[in-house]
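Participant: pasting the sequence and the predicted coordinates here, then a few questions.
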Amino acid sequence: MATFTTSTRSRATVTASPDEVWAALTDPDRVAALTPFLHRVTARGEHWVWEMSKVPVLGKSFSFTFTERMSFDAPRRMEFSHDPAAGDEHETAGVEGWYDLEPRSAGTHLETSMAISVDLPFPGVTRPAVTAAMKGVVTLMGQRFSQNLLHHLGARNV
């Protein structure tokens, strides 16, 4: 078992108000519905428990459950950090990141940054292949999440 990490950062301006975008991003059920491979998000106070299922990596599928400490500065910024002590201390995945919303005349400028770490049953020597596969999955998830969010909001990219 080795730990593998990938990160992503993206930004877009969308034709929806900050309040509309904020409402979608802070609704655990909505986030789960919009995100591929995400089965469920359960809010437990300042923590959200994320349940991922059938995430493909190098011809295998994996499921992960991880606990994130959520911090909200409505309606401008959301931060999240892995906090396994609040969940199962044997969690094999976690995310560190943030969303930043800024009002624009056309709607909302949305920026996000995430670093995803997972323990997988691959030897460390496979790191380049596993990391590339993870990057591909994260990119696909981000693209589909963006499309689903735009559809949910009835918005478009500017």
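Facilitator: In hand now; what should we look at?
Participant: how about the lengthiest helix in the chain: buried residues?
Facilitator: Counting residues, the longest helix found in the chain (DSSP state H) is helix 127-153. Within helix 127-153, the residues that count as buried by 16 or more other Cβ atoms under 10 Å are 130, 133-134, 137-138, 141-142, 145-146, 148-150, 152-153. Every residue, glycine included, has its C-beta placed from N, CA and C.
Participant: want to throw those into TSV with distance to Val49 and pLDDT?
Facilitator: What follows is the buried residues of helix 127-153, written out as TSV (distance: Cβ to Cβ, whole Å; pLDDT from 0 to 100):
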residue	distance to Val49	pLDDT
Val130	25	96
Ala133	25	96
Met134	21	96
Val137	20	96
Val138	20	96
Met141	18	96
Gly142	21	96
Phe145	19	98
Ser146	24	97
Asn148	21	98
Leu149	21	98
Leu150	27	98
His152	22	98
Leu153	25	98
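Participant: could you list every helix and strand in contact with the longest helix of the chain?
Facilitator: Counting by 3 or more Cβ pairs under 8 Å, 6 or more residues apart in numbering; DSSP states H and E, the packing neighbours recorded for helix 127-153 are strand 2-14, helix 18-25, helix 28-34, strand 47-57, strand 107-120.
Participant: so which of the ones you listed is nearest Phe72?
Facilitator: Minimum separation from Phe72 across those (Cβ to Cβ) falls at helix 18-25, 8.8 Å.
Participant: quick one, that closest one and helix 127-153 angle?
Facilitator: Relative orientation of helix 18-25 and helix 127-153, computed by axes from the mean of the first three to the mean of the last three Cα atoms, to 10 degrees: 120 degrees.
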